[in-house]
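Undergrad: Would you be able to build a 3D model of this:
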Amino acid sequence: MKTSLKYLLVVLVLLAIAIPMGAYHTDVYRKLLLWSALALSFNFLFGISGQLALSHFTFYGLGAYAIVILSHQVGLPLPLAAMGALALCIVVSAAVAIPATRLEGFYLALATLALAQLVTVLLNEGGALTGGSNGLANYGVPSVLGFRLEGLNLTAAVILLLVLTFGLLRRLDRSQFGRACRAVRDDPAVASAMGIDVSRTKIAAYMLASCLAAAAGMCYAFVDRNVNPAAFGIEYGFLLLFAVIVGGVGSQWGAIFGGVLVFVLPLFLAPLIGHYHALIFGIVVVLIMLLEPRGLVGVWLRARSARRSS
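TA: Below is the predicted model of the structure:
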């Protein structure tokens with residue numbers, strides 16, 4: 001009960017922050033929240049289950065495209081379109097995860113990178129279905145139970161997605177499944193000797209994280225009202241990896257810290273130094289990794305410990 005009240009309070013606070021914002025800052029705020037949700041699910045995949053997959057942003061794009069196509073081109077009601085989009089991502093993630101369980105580390109990264117490239121090509125060559133390189137735009141705003149997904153309603157939906165993602169992954173991390181994922185990450189041979197089905201655990205973790213990324217993509221489709229292949233490029237998969245490493249691998253709060261930094265830092269640096277902001281960002285990433293291997297969450301824990309001891 002106390003946990004539910006805490007989550008409700010977080011939702012209300014995040015919603016209150018958005019109320020005085022103008023259109024531009026509201027758009028940035030929503031995308032920041034979506035980045036945080038993506039970082040959380042990728043942290044579960046990489047930081048907790050130990051799978052270096054570069055297809056996370058691909059499923060983000062698949063979710064966005066699927067719900068737009070199903071709701072506006074096929075004409076399905078939004079709930080059915082969402083279920084159809086989720087079903088598609090379940091099938092695709094299973095098709096990738098089942099054979100990929102035999103791969104580890106660098107080879108898994110290469111396989112999922114190939115998937116990301118394949119999906120980018122399909123989106124670009126999809127003709128009227130995907131809009132080609134221009135993507136799909138100017139589609140209508142759907143309604144859920146009489147509420148149109150725009151303005152404060154849309155912001156509330158994004159906030160709920162973030163809080164539910166955080167709560168679900170926090171509960172899973174503390175469950176038997178979460179402990180199995182960490183055991184597989186640390187040493188698959190020992191985990192197998194303990195009776196853990198390594199392949200099944202990897203498949204479940206990959207499919208779960210990919211479907212959460214797709215759910216975030218569904219929200220993104222109505223935040224930006226424009227989906228195109230460039231918005232889900234391969235480079236964003238690497239940025240997610242940087243976010244989790246910088247924030248603190250395996251930590252939910254670290255994933256949020258890293259996601260916020262990766263999203264916000266270029267917004268401040270780009271107007272000041274133009275295209276060189278990528279170089280500065282890279283330097284910041286390297287410095288954090290060298291000075292505090294636990295990432296930003298390690299800096300926060302060290303500061304809190306110093307304050308308590310003083």
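Undergrad: Only C-alpha atoms from now on, for both contacts and neighbour counts.
TA: Fine.
Undergrad: what's the spacing between residue 86 and residue 65?
TA: Using Cα to Cα, to the nearest Å, we find residue 86 at a distance of 11 Å from residue 65.
Undergrad: And the contacts of the helix or strand that residue 161 is a member of?
TA: Assigned by DSSP states H and E, residue 161 belongs to helix 151-173. Helix 151-173 is contacted by residues 7, 10-11, 14-15, 18-19, 26, 30, 33-34, 36-37, 40-41, 44, 48, 147-149, 178-179, 212, 216, 219, 222-223, 252 when judged by Cα atoms under 8 Å, 6 or more residues apart in numbering.
Undergrad: sorry, back to before: which residue of residue 86 and residue 65 possesses the greater neighbour count?
TA: With neighbours defined as other Cα atoms under 10 Å, residue 86 and residue 65 compare such that residue 65 has more, 26 against 22.
Undergrad: my read: that one touches residue 130, true?
TA: Yes: with contact defined as Cα atoms under 8 Å, residue 65 counts as touching residue 130 (7.3 Å).
Undergrad: and the residue found closest to residue 177 once you drop the neighbours it is linked to in the chain, which of the three is it?
TA: The shortest distance from residue 177 to any non-neighbouring residue, by Cα to Cα, 6 or more residues apart in numbering, is to residue 201 (7.7 Å). When classified by DSSP: H, G, I helix; E, B strand; the rest coil, residue 201 comes out as helix.
Undergrad: I'd say residue 201 and residue 181 touch.
TA: Yes: assessed by Cα under 8 Å, residue 201 is found in contact with residue 181 at 6.4 Å.
Undergrad: Show me which of these two is the more surrounded one.
TA: Neighbour comparison, residue 201 and residue 181: the larger count goes to residue 181, with 28 against 17 (by other Cα under 10 Å).
Undergrad: Distance of the residue nearest in space to the middle of the chain relative to residue 76?
TA: By Cα atoms, centre = their mean, the chain has its centre lying nearest to residue 38, at 1.3 Å. With distances taken as Cα to Cα, residue 38 is found 26 Å from residue 76.
Undergrad: Show me where the protein dips below the pLDDT cut-off.
TA: Of all residues in the chain, those with pLDDT under 70 make up the ranges 1, 105, 274, 277, 310.
Undergrad: Now do the same contact list for the residue nearest to residue 177.
TA: 177, 180-181, 184.
Undergrad: Swap in 10 Å and give it another go.
TA: Contacts for residue 201 (Cα atoms under 10 Å, 6 or more residues apart in numbering) come out as 49, 101, 177-178, 180-181, 184.
Undergrad: Restricted to helices, list the residues you listed.
TA: Among the contacts of residue 201, the ones falling in helices (DSSP state H) are 177-178, 180-181, 184.
Undergrad: Which one (most neighbours) among those?
TA: For the ones in helices among the contacts of residue 201, neighbours were counted using other Cα under 10 Å, and residue 181 has the most, 28 neighbours in all.
Undergrad: quick one: that residue and residue 188 touch, right?
TA: Yes: with contact defined as Cα atoms under 10 Å, residue 181 and residue 188 form a contacting pair (9.5 Å).
Undergrad: list residues touching both of these two?
TA: Jointly contacting residue 181 and residue 188 under the rule Cα under 10 Å, 6+ apart are 196, 198.
Undergrad: before we move on, back to that, the residue nearest to the centre of the chain: which element?
TA: For residue 38, the host element (DSSP H and E) is helix 23-42.
Undergrad: Centre of the chain to that helix, how far?
TA: In terms of Cα atoms, centre = their mean, to the nearest Å, the centre of helix 23-42 is set 9 Å apart from its chain centre.
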